[in-house]
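Undergrad: no FASTA, just this:
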(Lines give C-alpha, C1' and ligand atoms only; values in the text may rest on other atoms or scores of the structure.)
Protein backbone atom coordinates (compact mmCIF):
# COMPACT_ATOMS: atom_id res chain seq x y z
CA UNK A 1 0.00 0.00 0.00
CA UNK A 2 1.37 3.39 -1.03
CA UNK A 3 2.22 5.95 1.64
CA UNK A 4 -0.23 8.80 2.17
CA UNK A 5 1.42 12.21 1.96
CA UNK A 6 -0.21 15.49 2.86
CA UNK A 7 0.28 19.24 3.19
CA UNK A 8 -1.75 21.23 5.70
CA UNK A 9 -1.67 25.03 5.45
CA UNK A 10 -3.53 27.55 7.63
CA UNK A 11 -3.81 31.32 7.41
CA UNK A 12 -2.49 31.50 10.97
CA UNK A 13 0.42 29.06 10.82
CA UNK A 14 3.77 30.40 12.08
CA UNK A 15 5.71 32.25 9.37
CA UNK A 16 2.64 33.11 7.27
CA UNK A 17 3.05 36.67 6.01
CA UNK A 18 0.40 38.61 4.09
CA UNK A 19 1.76 37.47 0.73
CA UNK A 20 1.59 33.85 1.92
CA UNK A 21 -2.04 34.34 2.98
CA UNK A 22 -2.95 35.89 -0.37
CA UNK A 23 -1.28 32.88 -2.00
CA UNK A 24 -3.33 30.51 0.15
CA UNK A 25 -6.43 32.34 -1.08
CA UNK A 26 -5.19 31.89 -4.66
CA UNK A 27 -4.75 28.15 -4.04
CA UNK A 28 -8.23 28.00 -2.49
CA UNK A 29 -9.83 29.68 -5.52
CA UNK A 30 -7.91 27.45 -7.92
CA UNK A 31 -8.80 24.16 -6.23
CA UNK A 32 -12.43 25.17 -5.94
CA UNK A 33 -12.53 25.99 -9.66
CA UNK A 34 -10.77 22.75 -10.69
CA UNK A 35 -12.66 20.43 -8.32
CA UNK A 36 -13.59 17.35 -10.36
CA UNK A 37 -15.96 16.09 -7.68
CA UNK A 38 -15.71 15.45 -3.96
CA UNK A 39 -12.58 17.57 -3.48
CA UNK A 40 -10.33 15.77 -5.99
CA UNK A 41 -8.11 16.67 -8.95
CA UNK A 42 -5.79 14.31 -10.82
CA UNK A 43 -4.98 12.05 -7.86
CA UNK A 44 -4.97 14.87 -5.32
CA UNK A 45 -7.52 15.06 -2.54
CA UNK A 46 -8.14 18.35 -0.77
CA UNK A 47 -10.24 19.80 2.00
CA UNK A 48 -11.11 23.50 1.82
CA UNK A 49 -11.94 25.28 5.06
CA UNK A 50 -12.45 28.94 5.98
CA UNK A 51 -8.86 29.30 7.06
CA UNK A 52 -7.12 26.02 6.15
CA UNK A 53 -6.39 23.80 3.14
CA UNK A 54 -5.31 20.16 3.40
CA UNK A 55 -3.97 18.41 0.27
CA UNK A 56 -3.19 14.67 0.33
CA UNK A 57 -1.93 12.16 -2.23
CA UNK A 58 -0.81 8.55 -2.40
CA UNK A 59 2.74 7.67 -3.33
CA UNK A 60 4.64 9.94 -5.70
CA UNK A 61 2.61 13.08 -6.32
CA UNK A 62 4.97 14.73 -8.83
CA UNK A 63 2.75 13.96 -11.81
CA UNK A 64 -0.41 15.10 -10.03
CA UNK A 65 1.10 18.41 -8.88
CA UNK A 66 2.62 18.97 -12.32
CA UNK A 67 -0.85 18.64 -13.89
CA UNK A 68 -2.32 20.93 -11.20
CA UNK A 69 0.27 23.66 -11.83
CA UNK A 70 0.10 23.43 -15.61
CA UNK A 71 -3.69 23.71 -15.45
CA UNK A 72 -3.68 26.45 -12.84
CA UNK A 73 -1.06 28.64 -14.56
CA UNK A 74 -2.08 28.69 -18.18
CA UNK A 75 -2.09 31.11 -21.09
CA UNK A 76 -4.82 31.87 -23.59
CA UNK A 77 -4.74 29.72 -26.71
CA UNK A 78 -7.44 31.49 -28.72
CA UNK A 79 -7.09 35.12 -29.87
CA UNK A 80 -5.82 37.15 -28.18
CA UNK A 81 -3.36 34.32 -27.55
CA UNK A 82 -0.41 34.31 -25.18
CA UNK A 83 -2.04 36.15 -22.26
CA UNK A 84 -2.12 35.09 -18.59
CA UNK A 85 -4.99 32.65 -17.99
CA UNK A 86 -5.15 31.66 -14.32
CA UNK A 87 -7.60 28.80 -13.79
CA UNK A 88 -9.08 30.60 -10.77
CA UNK A 89 -10.13 33.49 -13.04
CA UNK A 90 -11.85 31.40 -15.71
CA UNK A 91 -15.56 31.81 -16.20
CA UNK A 92 -15.56 35.37 -14.78
CA UNK A 93 -15.84 37.16 -18.13
CA UNK A 94 -12.66 39.23 -18.06
CA UNK A 95 -12.40 41.55 -21.05
CA UNK A 96 -9.43 41.57 -23.43
CA UNK A 97 -8.15 44.91 -22.14
CA UNK A 98 -8.37 43.72 -18.54
CA UNK A 99 -6.52 40.49 -19.37
CA UNK A 100 -3.79 42.44 -21.18
CA UNK A 101 -3.47 44.76 -18.18
CA UNK A 102 -3.15 41.73 -15.87
CA UNK A 103 -0.50 40.16 -18.11
CA UNK A 104 1.57 43.35 -18.19
CA UNK A 105 1.28 43.73 -14.43
CA UNK A 106 2.51 40.17 -13.79
CA UNK A 107 5.37 40.70 -16.25
CA UNK A 108 6.25 43.89 -14.39
CA UNK A 109 6.36 42.21 -10.99
CA UNK A 110 6.47 38.44 -10.48
CA UNK A 111 7.60 37.36 -13.97
CA UNK A 112 9.83 40.20 -15.15
CA UNK A 113 12.86 38.04 -16.00
CA UNK A 114 13.12 35.96 -19.20
CA UNK A 115 14.36 33.03 -17.14
CA UNK A 116 10.98 32.79 -15.42
CA UNK A 117 8.53 34.12 -18.03
CA UNK A 118 10.23 32.00 -20.76
CA UNK A 119 9.63 34.71 -23.36
CA UNK A 120 12.64 34.56 -25.73
CA UNK A 121 14.56 37.78 -26.23
CA UNK A 122 13.53 39.48 -29.43
CA UNK A 123 9.97 38.12 -29.33
CA UNK A 124 7.83 40.58 -31.27
CA UNK A 125 4.90 42.22 -29.55
CA UNK A 126 1.44 41.33 -30.78
CA UNK A 127 -1.19 43.90 -31.68
CA UNK A 128 -4.88 43.72 -30.89
CA UNK A 129 -7.58 46.06 -32.13
CA UNK A 130 -10.39 46.47 -29.60
CA UNK A 131 -13.48 48.64 -29.33
CA UNK A 132 -13.24 51.29 -26.63
CA UNK A 133 -15.72 54.15 -26.17
CA UNK A 134 -17.14 53.62 -29.68
CA UNK A 135 -13.67 53.77 -31.24
CA UNK A 136 -11.15 51.17 -32.34
CA UNK A 137 -7.85 51.31 -30.47
CA UNK A 138 -4.68 49.33 -31.00
CA UNK A 139 -3.11 47.62 -27.98
CA UNK A 140 0.26 45.86 -27.96
CA UNK A 141 1.47 43.16 -25.57
CA UNK A 142 4.30 40.65 -25.16
CA UNK A 143 2.86 37.13 -25.52
CA UNK A 144 3.84 34.06 -23.55
CA UNK A 145 5.05 31.33 -25.92
CA UNK A 146 5.96 28.64 -23.34
CA UNK A 147 4.71 27.63 -19.88
CA UNK A 148 6.14 30.09 -17.35
CA UNK A 149 7.98 29.21 -14.14
CA UNK A 150 4.87 28.66 -11.98
CA UNK A 151 3.63 25.93 -14.32
CA UNK A 152 6.91 23.99 -14.00
CA UNK A 153 7.32 24.22 -10.21
CA UNK A 154 6.32 20.67 -9.18
CA UNK A 155 9.95 19.54 -8.89
CA UNK A 156 10.67 22.50 -6.59
CA UNK A 157 7.83 21.47 -4.26
CA UNK A 158 8.43 17.70 -4.11
CA UNK A 159 11.49 15.48 -4.02
CA UNK A 160 12.11 12.55 -6.35
CA UNK A 161 10.04 10.21 -4.20
CA UNK A 162 7.08 12.58 -4.19
CA UNK A 163 7.47 13.84 -0.65
CA UNK A 164 7.26 17.52 0.21
CA UNK A 165 10.69 19.17 0.58
CA UNK A 166 11.64 20.52 3.96
CA UNK A 167 13.05 23.78 2.52
CA UNK A 168 12.76 25.54 -0.83
CA UNK A 169 14.87 28.53 -1.93
CA UNK A 170 12.76 31.66 -2.49
CA UNK A 171 13.59 33.94 -5.40
CA UNK A 172 12.22 37.30 -6.52
CA UNK A 173 9.71 35.73 -8.91
CA UNK A 174 8.01 34.14 -5.89
CA UNK A 175 8.37 37.06 -3.50
CA UNK A 176 8.99 40.48 -5.17
CA UNK A 177 11.98 42.05 -3.48
CA UNK A 178 13.46 38.78 -2.19
CA UNK A 179 17.21 38.60 -2.78
CA UNK A 180 20.16 36.41 -1.90
CA UNK A 181 22.53 38.10 0.55
CA UNK A 182 25.67 36.70 -1.13
CA UNK A 183 25.21 35.23 -4.61
CA UNK A 184 28.43 33.19 -4.35
CA UNK A 185 27.65 31.66 -0.96
CA UNK A 186 25.08 28.94 -0.39
CA UNK A 187 22.71 29.26 2.54
CA UNK A 188 22.33 33.03 2.22
CA UNK A 189 19.08 32.95 0.25
CA UNK A 190 15.54 33.10 1.65
CA UNK A 191 13.98 29.69 2.33
CA UNK A 192 10.50 28.43 3.10
CA UNK A 193 9.06 24.98 3.82
CA UNK A 194 6.98 23.35 1.08
CA UNK A 195 3.69 24.60 2.55
CA UNK A 196 4.68 28.24 2.39
CA UNK A 197 6.39 27.78 -0.99
CA UNK A 198 3.06 26.51 -2.34
CA UNK A 199 1.37 29.66 -1.03
CA UNK A 200 3.94 31.95 -2.69
CA UNK A 201 3.46 30.06 -5.93
CA UNK A 202 -0.24 30.99 -5.98
CA UNK A 203 0.17 34.57 -4.72
CA UNK A 204 -0.12 36.11 -8.25
CA UNK A 205 -3.56 34.49 -8.61
CA UNK A 206 -5.22 36.40 -5.74
CA UNK A 207 -3.22 39.66 -5.76
CA UNK A 208 -4.64 42.93 -7.06
CA UNK A 209 -2.58 44.87 -9.59
CA UNK A 210 -2.54 48.54 -10.52
CA UNK A 211 -0.57 50.30 -13.23
CA UNK A 212 0.91 53.41 -11.59
CA UNK A 213 0.75 56.66 -13.56
CA UNK A 214 2.28 59.58 -11.67
CA UNK A 215 3.75 62.91 -12.73
CA UNK A 216 6.31 64.69 -10.58
CA UNK A 217 6.56 68.43 -10.00
CA UNK A 218 8.55 68.71 -13.23
CA UNK A 219 5.68 67.12 -15.16
CA UNK A 220 7.71 64.01 -16.02
CA UNK A 221 6.51 60.45 -15.62
CA UNK A 222 7.87 58.82 -12.46
CA UNK A 223 9.52 55.56 -13.58
CA UNK A 224 9.97 54.46 -9.94
CA UNK A 225 6.22 53.91 -9.85
CA UNK A 226 5.57 51.17 -12.37
CA UNK A 227 3.26 48.48 -10.98
CA UNK A 228 1.57 48.22 -7.59
CA UNK A 229 0.91 44.74 -6.19
CA UNK A 230 -1.79 44.88 -3.50
CA UNK A 231 -1.84 42.10 -0.91
CA UNK A 232 -5.04 42.22 1.16
CA UNK A 233 -4.75 40.95 4.73
CA UNK A 234 -6.91 37.85 4.26
CA UNK A 235 -8.77 36.63 7.33
CA UNK A 236 -11.22 34.19 5.71
CA UNK A 237 -10.71 32.33 2.43
CA UNK A 238 -14.31 31.87 1.29
CA UNK A 239 -15.34 35.49 1.84
CA UNK A 240 -12.21 36.83 0.17
CA UNK A 241 -12.66 34.61 -2.88
CA UNK A 242 -16.15 36.06 -3.38
CA UNK A 243 -15.19 39.71 -3.06
CA UNK A 244 -12.07 39.20 -5.24
CA UNK A 245 -14.35 38.55 -8.20
CA UNK A 246 -15.37 42.24 -8.03
CA UNK A 247 -11.81 43.20 -8.89
CA UNK A 248 -11.77 40.92 -11.94
CA UNK A 249 -14.90 42.63 -13.23
CA UNK A 250 -13.41 46.16 -12.95
CA UNK A 251 -13.27 48.23 -16.16
CA UNK A 252 -9.74 48.91 -17.40
CA UNK A 253 -9.76 52.57 -16.31
CA UNK A 254 -10.06 51.45 -12.67
CA UNK A 255 -6.89 49.34 -12.91
CA UNK A 256 -4.60 52.37 -12.68
CA UNK A 257 -3.55 54.47 -9.69
CA UNK A 258 -1.31 57.40 -8.81
CA UNK A 259 0.77 55.82 -6.06
CA UNK A 260 0.98 53.46 -3.09
CA UNK A 261 -1.89 54.88 -1.05
CA UNK A 262 -4.13 55.33 -4.08
CA UNK A 263 -3.60 51.73 -5.19
CA UNK A 264 -4.18 50.25 -1.72
CA UNK A 265 -7.34 52.23 -0.99
CA UNK A 266 -8.65 51.60 -4.53
CA UNK A 267 -8.17 47.86 -3.96
CA UNK A 268 -10.07 47.92 -0.67
CA UNK A 269 -12.88 50.04 -2.12
CA UNK A 270 -13.28 47.59 -5.02
CA UNK A 271 -13.33 44.59 -2.68
CA UNK A 272 -15.73 46.28 -0.28
CA UNK A 273 -18.30 47.56 -2.80
CA UNK A 274 -21.44 48.09 -0.71
CA UNK A 275 -20.55 45.55 1.99
CA UNK A 276 -19.27 46.42 5.43
CA UNK A 277 -15.61 45.71 6.21
CA UNK A 278 -16.40 42.78 8.50
CA UNK A 279 -17.95 40.86 5.57
CA UNK A 280 -14.89 40.94 3.32
CA UNK A 281 -12.59 38.41 4.90
CA UNK A 282 -10.00 41.23 4.76
CA UNK A 283 -8.49 43.25 7.62
CA UNK A 284 -6.19 45.62 5.73
CA UNK A 285 -3.75 45.72 2.84
CA UNK A 286 -0.01 45.73 2.09
CA UNK A 287 1.10 47.43 -1.13
CA UNK A 288 4.37 46.86 -2.98
CA UNK A 289 5.52 49.06 -5.85
CA UNK A 290 7.82 47.83 -8.58
CA UNK A 291 9.66 50.35 -10.73
CA UNK A 292 12.92 51.35 -12.39
CA UNK A 293 15.82 52.79 -10.40
CA UNK A 294 18.97 54.44 -11.71
CA UNK A 295 21.38 51.72 -10.54
CA UNK A 296 19.40 48.86 -12.12
CA UNK A 297 17.52 50.03 -15.21
CA UNK A 298 17.36 46.55 -16.74
CA UNK A 299 14.87 45.21 -14.19
CA UNK A 300 11.94 46.24 -11.99
CA UNK A 301 12.99 46.80 -8.39
CA UNK A 302 10.77 47.00 -5.32
CA UNK A 303 10.68 50.75 -4.71
CA UNK A 304 8.10 51.14 -1.96
CA UNK A 305 6.01 49.39 0.68
CA UNK A 306 2.97 50.65 2.58
CA UNK A 307 0.68 48.92 5.07
CA UNK A 308 -2.98 49.83 5.66
CA UNK A 309 -4.39 48.49 8.92
CA UNK A 310 -7.24 49.24 11.32
CA UNK A 311 -9.11 51.28 8.71
CA UNK A 312 -12.46 52.64 9.80
CA UNK A 313 -15.51 52.52 7.55
CA UNK A 314 -15.61 56.32 7.30
CA UNK A 315 -11.99 56.36 6.11
CA UNK A 316 -12.82 54.23 3.08
CA UNK A 317 -16.01 56.24 2.53
CA UNK A 318 -13.93 59.43 2.34
CA UNK A 319 -11.59 57.90 -0.22
CA UNK A 320 -14.55 56.54 -2.19
CA UNK A 321 -15.89 60.10 -2.37
CA UNK A 322 -12.50 61.25 -3.67
CA UNK A 323 -12.60 58.49 -6.30
CA UNK A 324 -16.06 59.57 -7.45
CA UNK A 325 -15.06 63.23 -7.61
CA UNK A 326 -11.60 62.65 -9.10
CA UNK A 327 -11.86 59.48 -11.23
CA UNK A 328 -9.41 58.04 -13.73
CA UNK A 329 -10.19 58.87 -17.35
CA UNK A 330 -9.56 57.06 -20.62
CA UNK A 331 -7.90 59.20 -23.29
CA UNK A 332 -7.94 58.22 -26.95
CA UNK A 333 -4.91 59.47 -28.84
CA UNK A 334 -4.27 59.43 -32.58
CA UNK A 335 -0.52 59.51 -33.37
CA UNK A 336 0.64 61.99 -35.98
CA UNK A 337 0.80 60.42 -39.47
CA UNK A 338 4.18 60.31 -41.22
CA UNK A 339 4.96 60.17 -44.91
CA UNK A 340 5.25 56.69 -46.36
CA UNK A 341 3.78 55.06 -43.23
CA UNK A 342 0.45 53.25 -43.07
CA UNK A 343 -2.46 55.10 -41.53
CA UNK A 344 -1.79 55.36 -37.76
CA UNK A 345 -4.00 53.56 -35.30
CA UNK A 346 -5.76 55.07 -32.30
CA UNK A 347 -4.02 54.43 -29.00
CA UNK A 348 -5.37 54.82 -25.50
CA UNK A 349 -4.02 55.59 -22.08
CA UNK A 350 -5.52 56.08 -18.64
CA UNK A 351 -4.91 59.38 -16.86
CA UNK A 352 -4.97 59.19 -13.07
CA UNK A 353 -5.70 61.95 -10.59
CA UNK A 354 -2.66 63.68 -9.11
CA UNK A 355 -4.86 65.23 -6.42
CA UNK A 356 -6.52 61.93 -5.50
CA UNK A 357 -3.04 60.43 -5.08
CA UNK A 358 -2.23 63.13 -2.51
CA UNK A 359 -5.57 62.64 -0.75
CA UNK A 360 -4.96 58.87 -0.59
CA UNK A 361 -1.47 59.32 0.88
CA UNK A 362 -2.89 61.67 3.52
CA UNK A 363 -5.63 59.19 4.43
CA UNK A 364 -3.08 56.38 4.71
CA UNK A 365 -1.01 58.51 7.12
CA UNK A 366 -4.06 59.49 9.18
CA UNK A 367 -3.81 63.15 8.14
CA UNK A 368 -6.39 65.62 6.92
CA UNK A 369 -7.14 64.99 3.27
CA UNK A 370 -6.01 68.42 1.98
CA UNK A 371 -2.63 68.56 3.72
CA UNK A 372 0.55 69.23 1.71
CA UNK A 373 -1.35 70.64 -1.26
CA UNK A 374 1.63 72.97 -1.47
CA UNK A 375 3.56 70.01 -2.98
CA UNK A 376 1.22 69.97 -5.96
CA UNK A 377 0.88 73.74 -6.31
CA UNK A 378 4.60 74.44 -5.92
CA UNK A 379 5.40 74.59 -9.64
CA UNK A 380 3.54 76.16 -12.54
CA UNK A 381 3.38 72.88 -14.47
CA UNK A 382 1.90 70.79 -11.66
CA UNK A 383 -0.48 73.63 -10.70
CA UNK A 384 -1.85 73.59 -14.26
CA UNK A 385 -2.50 69.85 -13.95
CA UNK A 386 -4.25 70.40 -10.61
CA UNK A 387 -6.32 73.16 -12.23
CA UNK A 388 -7.57 70.58 -14.74
CA UNK A 389 -9.21 68.80 -11.79
CA UNK A 390 -10.80 71.89 -10.23
CA UNK A 391 -14.34 70.61 -10.86
CA UNK A 392 -13.71 67.42 -8.90
CA UNK A 393 -11.96 69.35 -6.13
CA UNK A 394 -14.97 71.66 -5.84
CA UNK A 395 -17.20 68.60 -5.42
CA UNK A 396 -14.89 67.35 -2.66
CA UNK A 397 -15.10 70.70 -0.87
CA UNK A 398 -18.91 70.67 -1.10
CA UNK A 399 -19.54 67.00 -0.23
CA UNK A 400 -16.80 65.92 2.18
CA UNK A 401 -17.51 65.71 5.89
CA UNK A 402 -15.27 68.43 7.35
CA UNK A 403 -13.67 67.91 10.77
CA UNK A 404 -13.93 71.66 11.39
CA UNK A 405 -16.69 73.74 9.82
CA UNK A 406 -14.37 76.77 9.94
CA UNK A 407 -12.18 75.10 7.29
CA UNK A 408 -15.05 74.97 4.83
CA UNK A 409 -16.00 78.59 5.58
CA UNK A 410 -12.40 79.64 4.96
CA UNK A 411 -12.30 77.89 1.57
CA UNK A 412 -15.64 79.47 0.63
CA UNK A 413 -14.27 82.89 1.63
CA UNK A 414 -11.29 82.34 -0.69
CA UNK A 415 -13.72 81.41 -3.49
CA UNK A 416 -15.64 84.62 -2.89
CA UNK A 417 -12.46 86.71 -2.93
CA UNK A 418 -11.34 85.15 -6.23
CA UNK A 419 -14.79 85.62 -7.76
CA UNK A 420 -14.86 89.30 -6.79
CA UNK A 421 -11.30 89.85 -8.00
CA UNK A 422 -11.98 88.23 -11.37
CA UNK A 423 -15.13 90.31 -11.68
CA UNK A 424 -13.16 93.52 -11.07
CA UNK A 425 -10.54 92.47 -13.65
CA UNK A 426 -13.27 91.73 -16.20
CA UNK A 427 -14.83 95.15 -15.64
CA UNK A 428 -11.49 96.96 -16.02
CA UNK A 429 -10.57 95.02 -19.17
CA UNK A 430 -13.95 95.75 -20.74
CA UNK A 431 -13.56 99.49 -20.13
CA UNK A 432 -10.09 99.49 -21.68
CA UNK A 433 -10.93 97.09 -24.50
CA UNK A 434 -8.21 94.69 -23.35
CA UNK A 435 -8.01 90.93 -23.03
CA UNK A 436 -8.86 89.64 -19.57
CA UNK A 437 -5.76 87.99 -18.06
CA UNK A 438 -7.29 85.65 -15.51
CA UNK A 439 -4.31 83.32 -15.88
CA UNK A 440 -1.90 86.06 -14.82
CA UNK A 441 -3.96 86.80 -11.70
CA UNK A 442 -4.19 83.08 -10.86
CA UNK A 443 -0.42 82.78 -11.09
CA UNK A 444 0.07 85.91 -8.96
CA UNK A 445 -2.12 84.44 -6.19
CA UNK A 446 -0.43 81.04 -6.39
CA UNK A 447 3.12 82.38 -6.21
CA UNK A 448 2.15 84.78 -3.42
CA UNK A 449 0.83 81.94 -1.26
CA UNK A 450 3.82 79.74 -2.09
CA UNK A 451 6.23 82.51 -1.04
CA UNK A 452 4.76 82.54 2.45
CA UNK A 453 7.34 80.81 4.66
CA UNK A 454 6.04 81.72 8.11
CA UNK A 455 2.87 82.85 9.88
CA UNK A 456 3.58 86.55 9.40
CA UNK A 457 4.13 86.44 5.64
CA UNK A 458 1.09 84.16 5.20
CA UNK A 459 -1.13 86.62 7.06
CA UNK A 460 0.13 89.39 4.76
CA UNK A 461 -0.66 87.35 1.64
CA UNK A 462 -4.15 86.41 2.88
CA UNK A 463 -4.86 90.00 3.86
CA UNK A 464 -3.84 91.08 0.36
CA UNK A 465 -6.01 88.36 -1.21
CA UNK A 466 -9.11 89.39 0.72
CA UNK A 467 -8.42 93.13 0.30
CA UNK A 468 -8.22 92.81 -3.48
CA UNK A 469 -11.44 90.78 -3.40
CA UNK A 470 -13.49 93.62 -1.96
CA UNK A 471 -16.74 92.96 -0.10
CA UNK A 472 -16.72 89.32 1.03
CA UNK A 473 -20.00 88.15 2.58
CA UNK A 474 -18.65 84.65 3.25
CA UNK A 475 -15.81 86.12 5.29
CA UNK A 476 -18.12 88.53 7.12
CA UNK A 477 -20.53 85.73 8.00
CA UNK A 478 -17.95 83.39 9.51
CA UNK A 479 -15.09 85.66 10.53
CA UNK A 480 -15.16 84.56 14.17
CA UNK A 481 -14.61 80.95 13.11
CA UNK A 482 -12.10 81.79 10.38
CA UNK A 483 -9.98 84.25 12.39
CA UNK A 484 -8.06 81.53 14.35
CA UNK A 485 -6.79 80.16 11.01
CA UNK A 486 -5.05 83.50 10.43
CA UNK A 487 -3.61 83.85 13.90
CA UNK A 488 -3.00 80.21 14.88
CA UNK A 489 0.39 78.55 15.07
CA UNK A 490 -0.29 76.00 12.28
CA UNK A 491 0.20 78.43 9.42
CA UNK A 492 1.10 75.62 6.97
CA UNK A 493 -2.39 74.21 7.42
CA UNK A 494 -3.94 77.61 6.66
CA UNK A 495 -1.78 77.87 3.52
CA UNK A 496 -2.95 74.44 2.36
CA UNK A 497 -6.58 75.51 2.83
CA UNK A 498 -5.98 78.77 0.93
CA UNK A 499 -4.37 76.84 -1.95
CA UNK A 500 -7.30 74.41 -1.86
CA UNK A 501 -9.63 77.37 -2.31
CA UNK A 502 -7.55 78.61 -5.25
CA UNK A 503 -7.31 75.18 -6.89
CA UNK A 504 -11.03 74.37 -6.45
CA UNK A 505 -12.49 77.66 -7.69
CA UNK A 506 -14.86 76.95 -10.60
CA UNK A 507 -16.71 80.28 -10.96
CA UNK A 508 -16.63 82.76 -13.79
CA UNK A 509 -13.12 83.21 -15.15
CA UNK A 510 -11.82 79.82 -14.02
CA UNK A 511 -12.69 78.21 -17.36
CA UNK A 512 -10.50 80.78 -19.15
CA UNK A 513 -7.37 79.75 -17.25
CA UNK A 514 -5.30 77.35 -19.31
CA UNK A 515 -5.24 73.92 -17.68
CA UNK A 516 -2.99 71.03 -18.59
CA UNK A 517 -4.67 67.74 -19.36
CA UNK A 518 -2.28 65.00 -18.20
CA UNK A 519 -0.86 63.03 -21.12
CA UNK A 520 1.49 60.11 -21.44
CA UNK A 521 4.16 59.45 -24.00
CA UNK A 522 3.48 56.53 -26.31
CA UNK A 523 5.90 54.18 -24.57
CA UNK A 524 4.12 54.81 -21.27
CA UNK A 525 0.72 53.67 -22.49
CA UNK A 526 -0.93 50.52 -21.21
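TA: Cool, the structure landed. Because the structure is predicted, anything quoted here is derived from the model rather than measured.
Undergrad: ok, which stretches of the stretch 251-400 of the chain are helices?
TA: 260-272, 313-325, 354-364, 374-377, 380-388, 390-399 (DSSP state H, counting those that start in this stretch).
Undergrad: Need the ones you listed in CSV (columns: mean pLDDT).
TA: Shown next, in CSV, are those (pLDDT from 0 to 100):
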stretch, mean pLDDT
helix 260-272, 94
helix 313-325, 92
helix 354-364, 94
helix 374-377, 92
helix 380-388, 87
helix 390-399, 95
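Undergrad: Same list (the ones you listed) but as JSON lines, adding distance to residue 26 and mean neighbour count.
TA: Any C-beta I mention is one placed from the backbone N, CA and C, and that applies to glycine too. Below are those laid out as JSON lines (distance: least, CB to CB, whole Å; neighbours: other CB atoms under 10 Å):
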{"stretch": "helix 260-272", "distance to residue 26": "15", "mean neighbour count": "26"}
{"stretch": "helix 313-325", "distance to residue 26": "24", "mean neighbour count": "18"}
{"stretch": "helix 354-364", "distance to residue 26": "25", "mean neighbour count": "24"}
{"stretch": "helix 374-377", "distance to residue 26": "37", "mean neighbour count": "18"}
{"stretch": "helix 380-388", "distance to residue 26": "37", "mean neighbour count": "19"}
{"stretch": "helix 390-399", "distance to residue 26": "35", "mean neighbour count": "18"}
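Undergrad: Could you chop the protein up by domain?
TA: Following automatic domain parsing, the chain resolves into domains at 4-70+148-204, 207-362, 368-526.
Undergrad: Which one of the helices of the stretch 251-400 of the chain lies nearest to residue 429?
TA: When the helices of the stretch 251-400 of the chain are compared by CB to CB, helix 380-388 sits nearest residue 429, at 20.6 Å.
Undergrad: hmm, back to that, any chance of the helices of the stretch 251-400 of the chain in CSV with distance to residue 29 as columns?
TA: Below are the helices of the stretch 251-400 of the chain laid out as CSV (distance: least, CB to CB, whole Å):
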stretch, distance to residue 29
helix 260-272, 14
helix 313-325, 24
helix 354-364, 28
helix 374-377, 39
helix 380-388, 39
helix 390-399, 35
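Undergrad: Nearest to residue 506, out of those helices?
TA: Among the helices of the stretch 251-400 of the chain, helix 390-399 sits nearest to residue 506 (CB to CB), with 4.7 Å.
Undergrad: any idea how far the closest one is from the chain center?
TA: For helix 390-399, the separation from the chain centroid amounts to 22 Å (computed by CA atoms, centre = their mean, to the nearest Å).
Undergrad: Please apply the same query to stretch 114-126.
TA: Mean-position distance between stretch 114-126 and its chain equals 26 Å (CA atoms, centre = their mean).
Undergrad: What sits closest to residue 152 if chain neighbours are left out?
TA: Residue nearest to residue 152 in three dimensions, not counting chain neighbours: residue 69, with 7.2 Å by CB to CB, 6 or more residues apart in numbering.
Undergrad: just checking, the one you found is part of a strand?
TA: No - secondary structure of residue 69, determined by DSSP: H, G, I helix; E, B strand; the rest coil: helix, with no strand assignment.
Undergrad: Enumerate the positions of the lengthiest strand in the chain that are buried.
TA: If you go by DSSP state E, the chain has its longest strand at strand 296-309. By neighbour count on 16 or more other CB atoms under 10 Å, the buried set for strand 296-309 is 300, 301, 302, 303, 306, 308.
Undergrad: Show me the shaky parts of the chain.
TA: Within the chain, the stretches falling below the threshold (pLDDT under 70) are 1-3, 179-188, 217-219, 335-344, 478, 514-526.
Undergrad: Mind doing that once more with 80?
TA: The chain contains residues with pLDDT under 80 at 1-3, 93, 177-189, 215-220, 273-281, 294-298, 334-345, 435-436, 471-488, 511-526.
Undergrad: Report the central residue of it.
TA: For the chain, residue 263 is the residue whose C-alpha lies nearest the centre (CA atoms, centre = their mean; 2.5 Å).
Undergrad: ok, that one touching residue 287?
TA: Yes - using CB atoms under 8 Å, residue 263 is in contact with residue 287, at 5.5 Å.
Undergrad: what's near enough to touch residue 238?
TA: Shown in contact with residue 238 (CB atoms under 8 Å, 6 or more residues apart in numbering): 28, 50, 281.
Undergrad: Which one of these is nearest to residue 61?
TA: If you rank these by distance to residue 61 using CB to CB, residue 28 comes first, at 18.9 Å.
Undergrad: Distance of that closest one relative to residue 352?
TA: Here residue 28 is placed at a distance of 32 Å from residue 352 (CB to CB, to the nearest Å).
Undergrad: Repeat that for residue 250.
TA: Remark: distance between residue 250 and residue 352 (CB to CB) = 14 Å.
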